[in-house]
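Trainee: below is the structure, and that's it, no one-letter string:
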């Protein structure tokens, strides 16, 4: 235990007191349901989340659906949980209304599904054929009223559109999923999610496993999003009274670009610690306070310093609480705010602010990012018509650090907006569900500045923020001025909502243009797809 540092005693005692208090609260609530996060599914919960009749903590995702009876009712209707198909054959139920395996009794529940994601596409402009071939599974269940477990796994092969192929070649990553094992001219990758959780009372829950976390009420998050690949995490959530919720999460991430201690060793590791306090002021307004710290596991000489138990302190911390000493890289700290206000029933304005406190003194960037958007459901009083309009921007070098090992990324992919930093972005999404048909459209327009030669203009957050930077001031969009135009539309027929099994037709139009290149994509796809995972193409 020589790499574990002494903790702040008051903080640990305070934390222990709340654990004891909350775990001894009287039980008596519905079984937990762990619903993997994807924007496409979660936006269908808008009618419950953003009604002025409810006061829900909506920012931290994935949800434990039993957290709210209002959300549970909408969730059950989406999952057609009230349908009784017991007279039908097992094959009919597995294809259309039930899990492939489903067991329910008073002691425990269990379900399991085979997940397929078969997709074929054609880039009409570049005469390029694309495809996706995924074999996967999901399994989950509960034990009693207090314990849940969930796991999913995916083995994939595929060929991507031109701009995604360039991204994979540059980063070595399949966007938001896993590192690429290129083989015989196609991409090959796999990954697993696994979560288990315990909620001894309605006020406290703890979850452990490997997955993603999203904080925010919009499509993007400038605090922490689900864009990067999965990582090991421990997440604790408890309610302080009726209107305050506290979340603490600790994660273990990787950086494949950092100096490695030996040629055949693993990628360098780093710790992440995150706090989020959400205060529902009333049924209409809420504000949340965010704090994050990224810390290397070892320095470039291979000297370990381990996980500092000061990070378990439930009170917001500063970098001064982290480990120090010769050769130790300073922690990367960020703070932020998330808020929403329901201007009308089912219509919400939301926003975020983020301040990067660890920028190098060598550059003059403000090191901040902000978001403003509005969203709602039942637009024009049409049931099931959901919409969102959102603006995001991040100053150059935000999320970067002079010590790249502690940048705000997991395996070279941003933990916030996929555009990194030094960008401005406006997007809109509309979704309409009627019966088992689901239609969605998205449009995006973005401006950002790319690097020129070896000059770092602050868009790539994995680069050091004090090396090869331009002299003088810093302005959003500096560098090679680039515009991105993106439009995507999908039409899906939901065959089985239990595991989002659907027949889907989609199209993407994309143009990325600057003075040096003009990359165009016109992709049409058709697929038989399943699972709730988010696969982002809009970057």
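Mentor: Looks like it arrived, so ask away. No experiment lies behind these values; they were computed from the predicted model shown.
Trainee: the helix or strand containing residue 91 - contacts with which helices or strands?
Mentor: Using DSSP states H and E, residue 91 falls within helix 90-96. The helices and strands touching helix 90-96, judged by 3 or more C-beta pairs under 8 Å, 6 or more residues apart in numbering; DSSP states H and E, are strand 480-496. C-beta here means a position set from N, CA and C on the backbone, and glycine is covered the same way.
Trainee: once you drop chain neighbours, what's closest to residue 255?
Mentor: For residue 255, ignoring the flanking residues on the chain, the nearest one in space by C-beta to C-beta, 6 or more residues apart in numbering is residue 268 at 5.0 Å.
Trainee: my read: residue 402 touches residue 464, true?
Mentor: Yes - with contact defined as C-beta atoms under 8 Å, residue 402 and residue 464 form a contacting pair (5.3 Å).
Trainee: list residues touching both of the two?
Mentor: Residues touching both residue 402 and residue 464 (C-beta atoms under 8 Å, 6 or more residues apart in numbering): residue 360.
Trainee: contacting residues around the helix holding residue 91?
Mentor: Residues outside helix 90-96 that contact it (C-beta under 8 Å, 6+ apart) are 85, 100, 495, 496, 501.
Trainee: circling back: and for the residue nearest to residue 255, the neighbour number?
Mentor: 22 (other C-beta atoms under 10 Å).
Trainee: ditto for residue 417
Mentor: 25.
Trainee: ok, the one 3 residues further on next?
Mentor: The burial count assigned to residue 420 is 25, neighbours taken as other C-beta under 10 Å.
Trainee: if the closest residue to residue 243 other than its chain neighbours is in a bridge, with which residues?
Mentor: Using C-beta to C-beta, 6+ apart and skipping the chain neighbours, the partner closest in space to residue 243 is residue 280 (4.3 Å). Assessed by DSSP bridges, residue 280 has beta-bridge partners residue 286.
Trainee: residue contacts, residue 280?
Mentor: For residue 280, the contacting residues are 55, 56, 57, 242, 243, 244, 286, by C-beta under 8 Å, 6+ apart.
Trainee: how close does the fifth one sit to residue 55?
Mentor: Meaning residue 243. Using C-beta to C-beta, to the nearest Å, residue 243 is found at 7 Å from residue 55.
Trainee: return the backbone torsion pair for residue 162.
Mentor: When read as degrees, to the nearest 10, the backbone of residue 162 gives phi -60, psi -50.
Trainee: now do the SS call for the residue nearest to the spatial centre of the chain.
Mentor: The residue lying closest to the centre of the chain (C-alpha atoms, centre = their mean) is residue 226, at 1.3 Å. Here residue 226 is recorded as coil under DSSP: H, G, I helix; E, B strand; the rest coil.
Trainee: my guess is it meets residue 215, correct?
Mentor: No - counting by C-beta under 8 Å, residue 226 stays clear of residue 215, with 9.8 Å between them.
Trainee: give me the common contacts of the two.
Mentor: What both residue 226 and residue 215 touch, as defined by C-beta under 8 Å, 6+ apart, is the set residue 61.
Trainee: report pLDDT for the residue nearest to residue 243.
Mentor: Predicted confidence (pLDDT) for residue 280: 95.
Trainee: repeat that for residue 260.
Mentor: Looking at residue 260, its pLDDT is 76.
Trainee: was I right to think it contacts residue 268?
Mentor: Yes - applying C-beta under 8 Å as the test, residue 260 and residue 268 come out as touching, 6.3 Å apart.
Trainee: what about the helices in this protein?
Mentor: Using DSSP state H, the helices of the chain run over residues 9-23, 39-42, 46-49, 69-78, 90-96, 162-171.
Trainee: which secondary structure elements does the third one sit against?
Mentor: Contact analysis of helix 46-49 by 3+ C-beta pairs under 8 Å, 6+ apart lists helix 69-78 as its packing neighbours.
Trainee: okay, the angle between the helix it packs on and strand 480-496?
Mentor: In terms of direction (axes from the mean of the first three to the mean of the last three C-alpha atoms, to 10 degrees), helix 69-78 departs from strand 480-496 by 70 degrees.
Trainee: and helix 69-78, what does it pack onto?
Mentor: By 3+ C-beta pairs under 8 Å, 6+ apart, helix 69-78 packs against helix 46-49.
Trainee: quick one: mean pLDDT over the helix it packs on.
Mentor: 90.
Trainee: contact partners of that helix?
Mentor: 54, 56, 58, 68, 70-71, 73-74, 346, 375-378, 386.
Trainee: of the residues you listed, buried ones?
Mentor: 54, 56, 58, 68, 70-71, 74, 346, 375-378, 386 (16 or more other C-beta atoms under 10 Å).
Trainee: give me the buried subset of the contacts of helix 90-96.
Mentor: Among those, those classed as buried by 16+ other C-beta under 10 Å are 100, 495, 496, 501.
Trainee: what stretches of this structure score poorly on pLDDT?
Mentor: Low-confidence regions of the chain, defined here as pLDDT under 70, cover residues 1-31, 67-69, 262-266, 305-329, 361-362.
Trainee: coming back round to it: once you drop chain neighbours, what's closest to the residue nearest to the centre of the chain?
Mentor: residue 212 (4.1 Å).
Trainee: wait, which of the contacts of helix 46-49 is closest to residue 141?
Mentor: Proximity of these to residue 141 (C-beta to C-beta) peaks at residue 71, which lies at 19.8 Å.
Trainee: that closest one contacts residue 65, doesn't it?
Mentor: Yes - with contact defined as C-beta under 8 Å, residue 71 reaches residue 65; the gap is 6.0 Å.
Trainee: related to what we said a few turns ago, quick one, what contacts the residue nearest to residue 255?
Mentor: So residue 268 contacts 254, 255, 256, 258, 259, 260, 296, 297, 298, 405 (C-beta under 8 Å, 6+ apart).
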